[in-house]
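# 3D, please:
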Amino acid sequence: MTARATSRRALARTFSALRIPNYRRYAFGQAVSLTGTWMQRVAQAWLVLELGGSGTELGLVTALQFLPLLLFGMWGGLMVDRVDTRRLLVATQACAAVLAVILGVLVATGAVQMWMVMVLAAALGVVHLFDNPGRQIFVLEMVGPEQLANAVTLNSVAVNAARVLGPAIAAGVIATAGLAACFLLNAVSYLAVIAAFTSMREDELRPAEVQPRGPGQLREGLAYVWRTPELRRPLLAMAVVGTLAYEFQVVLPLMARFVFDGGAGTYGVMTSCMGVGAVVGGLVLAGRNRSGPRSLVVAGYGFGAALLLAAAAPTLVLELVALVGVGVGSIAFLAAANTLLQLGAAPAMRGRVMALWAVAFLGSTPVGGPLVGWVSEHLGPRVGLALGGVATVVAAAVLLRERSPARRPALASSGTADVAG
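Reported below is the predicted structural model:
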């Protein structure tokens, strides 16, 4: 086989999910919308600091955005199990666009105050309550189990490509047009993903059966996860890592300002470098189309090590290099956990399982955001970043211990061996 033919086959494997028309539409719409989302995240973090906010207040605003997931995440997943996912997602995108417009107008008119930012962050959290588990399971409805690992990884690539592009655009927009323009541009970007949802071919979707209302469904979902080790273990690991490691929107602005004496541009570059690493790492992972318990352990060790290197980097240049590694580890850990949970969950329970994933990953922010913000404010941003690195390494070590033959049946009998495309 020639080198050219080998390259073509590798490229085809990397982007195999894009051969599915519905997913291709979704991927394009998401790419546009996510770029706007990252613009808003950068602008919101800087808005809080401009309003006189401290590290703790920055963590609090971030926490409010995810508090509904923490409190009502399982209920949101149950609602997803009961409705048509595509229609639900159209509604959530429209609501998020309206909230972005409101924040943009408040900033443009000079009427914005800290409490308004907090209220709008909490309102967006209510949207995430339904949007996050809905988007997770809708990927499986579009591509099926055969392409799920590839599609999940490509989704993560899109998120992190937007992390590269969005902050870079945000830095330029903030410098030339002000913070309000970032929020308004984000509102417009939601139109792309709404158009993708409304133009899909319904006959090519594979929706799970809508679940009827019934008593005890929340308890049923929790009991199902707890008695299924293949779901319980990655969810608990994700809760620890999500609480202490995935608080970049809190710790990176503080690193930029107080460690490297930078401004919004420095923060944008740091975020973009982490995104570059995630994009490159994600494309490599997508070509492998593989995920499972072993992949999750390896990703956990790599992610934790990269965070510790970033915490110790003595100069901005070395920090940016380390953040590329953080991006690689971040996407590897998320993609492995997401695919493992979706393939391991029964269809009737998938919404509730992925809601718990959202609680572990994003809903933990109301705890982790203020905690990491407080640690970064009083002990230094480097300590806040290192805390996440230590937590991730410990979580990976526990997962490895649970996978040892002495502590569990052979993996071959569990039905969760690494999935290769």
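# my read: Arg163 touches Gly282, true?
No - between Arg163 and Gly282 there is no contact, the gap being 11.1 Å when judged by CB atoms under 8 Å. Just so you know, the C-beta spots here come from the backbone N, C-alpha and C atoms, and that holds for glycine as well.
# can you give me the helices for the stretch 101-250 of the chain?
Secondary structure of the stretch 101-250 of the chain (DSSP state H, counting those that start in this stretch): helices located at 114-143, 148-176, 179-198, 217-226, 229-244, 248-254.
# of all those, which lies closest to Leu341?
Checking those against Leu341 by CB to CB gives helix 229-244 as the closest, at 6.1 Å.
# Could you name the helices and strands sitting against that closest one?
helix 217-226, helix 293-312, helix 316-344, helix 350-358, helix 365-379, helix 381-403 (3 or more CB pairs under 8 Å, 6 or more residues apart in numbering; DSSP states H and E).
# Let me have the ones you listed in JSON lines, extended by mean neighbour count, mean pLDDT and distance to Val241.
Below are the helices and strands packed on helix 229-244 laid out as JSON lines (neighbours: other CB atoms under 10 Å; pLDDT from 0 to 100; distance: least, CB to CB, whole Å):
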{"stretch": "helix 217-226", "mean neighbour count": "16", "mean pLDDT": "81", "distance to Val241": "17"}
{"stretch": "helix 293-312", "mean neighbour count": "22", "mean pLDDT": "91", "distance to Val241": "7"}
{"stretch": "helix 316-344", "mean neighbour count": "24", "mean pLDDT": "88", "distance to Val241": "7"}
{"stretch": "helix 350-358", "mean neighbour count": "28", "mean pLDDT": "79", "distance to Val241": "12"}
{"stretch": "helix 365-379", "mean neighbour count": "23", "mean pLDDT": "83", "distance to Val241": "10"}
{"stretch": "helix 381-403", "mean neighbour count": "20", "mean pLDDT": "89", "distance to Val241": "5"}
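# TSV for these, including distance to Trp38?
Converted to TSV, those look like this (distance: least, CB to CB, whole Å):
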stretch	distance to Trp38
helix 217-226	31
helix 293-312	19
helix 316-344	13
helix 350-358	19
helix 365-379	16
helix 381-403	20
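# Relative to Met114, how far out is Phe258?
Here Phe258 is placed at a distance of 20 Å from Met114 (CB to CB, to the nearest Å).
# for Leu340, same thing?
Separation of Leu340 from Met114 (CB to CB) stands at 40 Å.
# Could you do Arg13 as well?
Applying CB to CB, the value for Arg13 to Met114 is 48 Å.
# List the residues that contact Val269.
Listed by CB atoms under 8 Å, 6 or more residues apart in numbering, the contact set of Val269 reads 167-168, 171, 320.
# farthest-separated two in the residues you listed?
For the contacts of Val269, the maximum inter-member distance is 14.6 Å, found between Ala171 and Leu320 (CB to CB).
# did I read that right, Glu57 in a strand?
No - secondary structure of Glu57 (DSSP: H, G, I helix; E, B strand; the rest coil): helix, not part of a strand.
# Could you measure from it over to Val117?
Separation of Glu57 from Val117 (CB to CB): 10 Å.
# Give me the residues contacting stretch 243-250.
With contact meaning CB under 8 Å, 6+ apart, stretch 243-250 is reached by 41, 45, 55, 58-59, 62, 271, 274, 303-304, 307, 330, 361, 364-365, 367-369, 371-373, 376, 384, 387-389, 391-392.
# gap between the two ends of that stretch?
End-to-end span of stretch 243-250 (CA to CA, to the nearest Å): 12 Å.
# From Val98, how far off is Ala91?
11 Å.
# Kindly report the same for Phe333.
Here the criterion is CB to CB. By it, Phe333 lies 33 Å from Val98.
# repeat for Leu340
Counting by CB to CB - Leu340 and Val98 are separated by 35 Å.
# does Ala121 really touch Gly59, like I thought?
No - using CB under 8 Å, Ala121 makes no contact with Gly59, being 11.6 Å away.
# The two - which one has more neighbours?
Shown here are Ala121 and Gly59; by other CB atoms under 10 Å, Gly59 has more neighbours (30 against 21).
# tell me the contacts of the residue nearest to the more buried one when sequence neighbours are not counted?
Distances taken as CB to CB, 6 or more residues apart in numbering place Gly373 nearest to Gly59, at 2.6 Å, with adjacent residues excluded. By CB under 8 Å, 6+ apart, the contact list for Gly373 reads 54-60, 62, 247, 250-251, 254, 384.
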